[in-house]
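>>> Following is a predicted model, sequence given first.
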Amino acid sequence: MVQAIRPEGLAISVITFGEVLEGALYSRERALDVVRWWDFVAGVDVLDVTLAVAEVWAEVRGTLRSRGNLVPDNDLLIASTALRFGMTVVTENLRHFARVPGLDLLVPGA
């Protein structure tokens, strides 16, 4: 899946970086998983949460709040990064990401 996407460019949010690193640090195979994660991110852009991303986050969060349909902040920051840069989010977490208006999603295996 990732190999098929890479020719078009692959980037992750710094939030995703932290979430996956946490998982690696507390996994059964900590040393191996941390090395694998660093090897993976060596070939991708890691996008920071910038003022422009925060502006998108505030607008989307306000819209979702007014509908009573909030998304956890980490997922909303990831979605806002994708919206800001016109990117597609690759995820199986449709419960959260499908709530975000205008967000392009790709579900692995679907």
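Cool, the structure landed.

>>> so what's the spatially most central residue of the chain up against?
In the chain, the residue lying closest to the centroid (CA atoms, centre = their mean) is residue 78, at 3.9 Å. With contact set as CB atoms under 8 Å, 6 or more residues apart in numbering, residue 78 has these partners: 13, 15, 16, 89, 97. (Each C-beta comes from the backbone N, C-alpha and C, glycine too.)

>>> Buried residues of the helix or strand that residue 89 is a member of, list them for me.
Taking DSSP states H and E as the criterion, residue 89 maps to strand 88-90. The neighbour-count check on strand 88-90 (16 or more other CB atoms under 10 Å) flags 89, 90 as buried.

>>> which other residues reach that strand?
The list of residues contacting strand 88-90 from outside it, by CB under 8 Å, 6+ apart, reads 1, 5, 78, 79, 82, 97, 103, 104, 105, 106, 107, 108.

>>> Find the nearest non-adjacent residue to the residue nearest to the centre of the chain, please.
Of all residues not flanking residue 78 in the chain, residue 13 sits nearest, at 4.6 Å (CB to CB, 6 or more residues apart in numbering).

>>> Please report how far that neighbour lies from residue 66.
24 Å (CB to CB, to the nearest Å).

>>> pLDDT below threshold where in this structure?
In the predicted model of the chain, residues 1-8 satisfy pLDDT under 70.

>>> which parts of the longest helix along it are buried?
If you go by DSSP state H, the chain has its longest helix at helix 51-66. Neighbour counts using 16+ other CB under 10 Å place 53, 56, 57, 60, 61, 64 of helix 51-66 among the buried residues.
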